[in-house]
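Asks: Coordinates for the following, if possible.
(one chain, ligands or ions: 2)
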Amino acid sequence: MSVPFTPGPSDPTVQPVPASVVEKVDAADSTLSNPKRAVIALGSNLGNRLENLQGAIDALEDTPGVRVKGVSPVYETQPWGVEPGTQPSYFNAVVVLKTTLDPSSLLERAHAVEEAFHRVRDERWGPRTLDVDIVSYADVVSDDPRLTLPHPRAHERAFVLAPWHDLDPEAQLPGRGSVADLLDAVTRAGVAPRADLELRLPE
Ligand SMILES: Nc1ncnc2c1ncn2[C@@H]1O[C@H](COP(=O)(O)OP(=O)(O)OP(=O)(O)O)[C@@H](O)[C@H]1O
Ligand SMILES: Nc1nc2c(c(=O)[nH]1)N=C(CO)CN2
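Replies: Ligands and ions are numbered 1, 2, ... in the order given. The predicted model follows:
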């Protein structure tokens, strides 16, 4: 006759689970049942810029735990932060996601998508096939340099604020205020909508 095995308090194979692990598992459970909204900025100024942005959107959608909910219009923008005339112009766009990934897993995925498009990191603000930045993740505010939330420069970049405002005119940047007000405060010079181009929301 077999007797069902029920580990008792004296079973030496049962180890206590550290509180830190319980906390992590609980946090993951709550994210799973409650997907978070994240805003992603995409940029490309090398190669086929529109295809690179579309490829990034499709790769994000193909990620387990990520759903792309909205895609902004495309903007053609002059490179920000570098000597004028030293780099090709960018195509920029913003996408809104719902995700069950935590912020650091989403960043890992963003980096993997950049790498799939042969992104080379040699100089700060150097030209790139693809840049995938996390602009905001729910209302999380963090100054961790590995993942600063919201993105530390998003509030001063018309190439992020203009497409985001088109996609969601009521958007708020946590800790900074409304995207509409932030957009009023920056110059839109060199940031032009490309109404002739369109990015697809994955089906
Ligand atoms: N919100 C964020 N989104 C993406 N990367 C971030 C964020 N906060 C911090 N980082 C860190 O910044 C590092 C550099 O990122 P990246 O090479 O994309 O910078 P960049 O696009 O050249 O410049 P910028 O940060 O001004 O957009 C990344 O390795 C990442 O760990
Ligand atoms: N116009 C424009 N300029 C930039 C961009 C970008 O996406 N668009 N990204 C940068 C680093 O993230 C630096 N400069």
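Asks: Next, the contact list for the residue nearest to residue 139 when sequence neighbours are not counted, please.
Replies: Ranked by CB to CB, 6 or more residues apart in numbering and with sequence neighbours excluded, the top spatial neighbour of residue 139 is residue 174, at 4.7 Å. Quick note: C-beta positions are derived from backbone N, CA and C, even for glycine. Contact partners of residue 174, counting by CB atoms under 8 Å, 6 or more residues apart in numbering, are 136, 139, 140, 141, 149, 150.
Asks: who wins for most neighbours among those residues?
Replies: residue 136 (26 neighbours; other CB atoms under 10 Å).
Asks: quick one: that residue is in a strand?
Replies: Yes - counting by DSSP: H, G, I helix; E, B strand; the rest coil, residue 136 is located in a strand.
Asks: bridging residues for it?
Replies: Note on residue 136: beta-bridge partners by DSSP bridges are residue 39.
Asks: got the residues of this protein near ligand 2?
Replies: Applying CB under 6 Å from any ligand atom, we find that the chain lies next to ligand 2 at 43, 77, 78, 79, 80, 81, 90, 92, 125, 131, 159.
Asks: Just name the lowest-scoring one in the residues you listed, pLDDT-wise.
Replies: On pLDDT alone, residue 125 ranks lowest of those, at 80.
Asks: Name the SS class of that residue, please.
Replies: With three-state DSSP as the basis, the three-state label of residue 125 is coil.
Asks: Leaving out the residues flanking it, which one is nearest to it?
Replies: Spatial nearest neighbour of residue 125, excluding adjacent residues (CB to CB, 6+ apart): residue 81 at 4.5 Å.
Asks: And the one you found, which helix or strand is it part of?
Replies: Using DSSP states H and E, residue 81 sits in no helix or strand.
Asks: correct me, but residue 166 touches residue 71?
Replies: No - assessed by CB atoms under 8 Å, residue 166 is found out of contact with residue 71, at 10.3 Å.
Asks: These two: which has the busier surroundings?
Replies: residue 71 (21 against 15).
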